[in-house]
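A.B. asks: Provided below are the primary sequence and the corresponding predicted coordinates.
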Amino acid sequence: MIINKLVEGNKRYKWKLLDKKETIDIEGRVPRYPVLILTCMDSRIDVHRIFQLNSGDVFVLRNAGNQFSEDILRSILISIYEYGVKQIIILGHLDCEMKKVNLDELRHNLPIELLRELGKKSVDLRFSLQRFFRIISDEIINIKNQVDRFKSIKAISKNVKIIGMIYDPASGWVYTEEDLNHFPSYENFMANYRELLHKKQLDHVSFLETIESEIVGAESVELTKLNELEANKKIVKSESIDEALNKEIAEKSLLESKIERLDLPDLEKYMNMPLKIQIPKIHIPKIKVYVPSVIKPNKKNGK
Ligand SMILES: [Zn+2]
């Protein structure tokens, strides 16, 4: 069933390519950015989607728990010495299954041949399992350990910057190395989660203002600016410039105090935050039907 879904998905993709709703990247084998991201195989992480990247932008490597291995090393060395990668990001995530693996359950589910093989490596089978599957105890410490592991290999760290980041599948936020440096363990990170989220949201408000035109459309922004200009003219007419300025400052601090008073992380309040952004009207695009040229009626012969 799933194979059918994949094949059908590919047919839809091909249709979108024909209809120019998708693009295909066939230029060059070198990624657009000299970056490699090593992340977990967790199906909730879609690297291109969460960073809004396109195919052909970066290298992505994945395994359970975003960990160092001989094979990961092989790929990384190729990416550096063959493709000129300059930056490696170890992208871990919260709620990683590699922390929650129940070794006793796993033990019962594994084929006996494998257990026998693992049993040879240590008298303690539990220890062998833990080692073989590289079970982690803390997502953040794991990221730091992996960063250190890659940094310890001179052939990598000589010319390449290695950093860690963590993705939160519940909120969609990615926390950068700066955040991870402040909170060295999962427990520590979660204890400060509210504060971190608050910081993210304040930063997001400023960011949304910078992409205002993207959100409401360039025309509306021009219109808003014109209206503001008109409004300002009226203010200048009726009040002195000082008064207008004071008014603006008062409005700004009112907005700031409102933001400060928010009891975050209350997503509903966050969404209703007083942004200087208009919600765009729903735009229903015209449906363009693609008719392959082979089945278009031939005008010359058809008449
Ligand atoms: Zn994971």
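C.D. replies: Looks like it arrived, so ask away.
A.B. asks: got any ranges where the protein has weak pLDDT?
C.D. replies: Where the chain drops to pLDDT under 70, the residues are 218-303.
A.B. asks: Could you give the number of residues near Ile2?
C.D. replies: Other residues within reach of Ile2, judged by other Cβ atoms under 10 Å, total 6. In this view, the C-beta of every residue, glycine as well, is placed from N, C-alpha and C.
A.B. asks: What are the boundaries of the strands in the stretch 101-250 of the chain?
C.D. replies: Ranges of strands in the stretch 101-250 of the chain, per DSSP state E, counting those that start in this stretch, are 161-167, 174-175.
A.B. asks: Can you check which of those strands gets nearest to Phe183?
C.D. replies: With Cβ to Cβ, the closest approach to Phe183 among those belongs to strand 174-175: 8.6 Å.
A.B. asks: Note down every partner strand of that closest one and its orientation.
C.D. replies: Using DSSP bridges, strand 174-175 pairs in its sheet with strand 161-167 (antiparallel).
A.B. asks: Next, the buried residues of the partner strand.
C.D. replies: By 16 or more other Cβ atoms under 10 Å, the buried positions in strand 161-167 come out as 162, 164-167.
A.B. asks: so which of those residues would you say is closest to Ser137?
C.D. replies: Ile166 (15.4 Å).
A.B. asks: Quick check: residues of the protein near the ion?
C.D. replies: For the chain, the residues in contact with the ion (Cβ under 5 Å from the ion) are 40, 42, 96.
A.B. asks: Can you select the buried ones from those in ChimeraX?
C.D. replies: For the buried members of the residues of the chain next to the ion, the matching ChimeraX selection, counting by 16+ other Cβ under 10 Å, is:
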select :40,42,96
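A.B. asks: Which part of the stretch 101-250 of the chain gets nearest to the ion, residue-wise?
C.D. replies: Glu139 (7.8 Å; Cβ to the ion).
A.B. asks: In contact with that residue, which residues are there?
C.D. replies: 92-96, 99, 166, 186 (Cβ atoms under 8 Å, 6 or more residues apart in numbering).
A.B. asks: Of these, which is the nearest to Val7?
C.D. replies: Using Cβ to Cβ, His93 comes nearest to Val7 of those, at 29.7 Å.
A.B. asks: Contact partners for the spatially most central residue of the chain?
C.D. replies: With distances taken as Cα atoms, centre = their mean, Ile50 lies nearest the centre of the chain, 2.5 Å away. Applying Cβ under 8 Å, 6+ apart to Ile50 gives the contacts 167, 172, 174.
A.B. asks: Just give the nearest non-adjacent residue to Asn142, would you?
C.D. replies: Leaving aside its chain neighbours, Asn142 sits nearest to Ile136 (4.3 Å; criterion: Cβ to Cβ, 6 or more residues apart in numbering).
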